[in-house]
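J.: coords please:
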Amino acid sequence: VQIVESGGGLVQSGGSLRLSCVVSGFAFNTYDMSWVRQIPGKELTWDGPDWVSSIDTDGSHTTYADSVKGRFTISRDNTKNTLYLQMNGLKPEDTALYYCAPEKHRKTWDYSGQGTQVTVSP
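T.: Residues are numbered from 1 along each chain as shown. Modelled structure (predicted):
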């Protein structure tokens, strides 16, 4: 199983970024997928990084944390085994290391990979 996140960067408050997550090694189109984020300096809890958003297998149903609702949009392209997160109206509190994971394994997933860093300046 390999997951590679990309698209992060440094932006000013109010800016936008589009994150991508390319998956290989499992049947991507059969899994609900999620984005999570680890805020710098915040200790990991038993259920992993902070949940940001989830999408079902065909993209017809999406859910969002209250903190990002109306600003972020999750989507997927099953033909490319890729998950996306369009982030608009970024705020300094969105600064974090972002990861994707299958939703059913989100709380126990190994987040030791590089993820993609998003830094939002005031």
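
J.: check contacts around residue 11.
T.: With contact taken as Cβ atoms under 8 Å, 6 or more residues apart in numbering, residue 11 is in contact with 17, 90, 118, 119, 120, 121. For glycine as for every other residue, the C-beta is placed from the backbone atoms N, C-alpha and C.

J.: try it again with 6 Å
T.: For residue 11, the contact set (Cβ atoms under 6 Å, 6 or more residues apart in numbering) comprises 17, 90, 120.

J.: so what's it bridging to?
T.: In this structure, residue 11 has the following beta-bridge partners (DSSP bridges): residue 120.

J.: Can you list the residue ranges for strands in this structure?
T.: In the chain, the segments counted as strands under DSSP state E are 2-6, 9-12, 17-24, 33-38, 50-55, 62-64, 72-77, 82-87, 96-102, 116-121.

J.: what's in contact with the shortest one?
T.: Residues outside strand 62-64 that contact it (Cβ under 6 Å, 6+ apart) are 53, 54, 55, 74.

J.: Sounds good, over and out.
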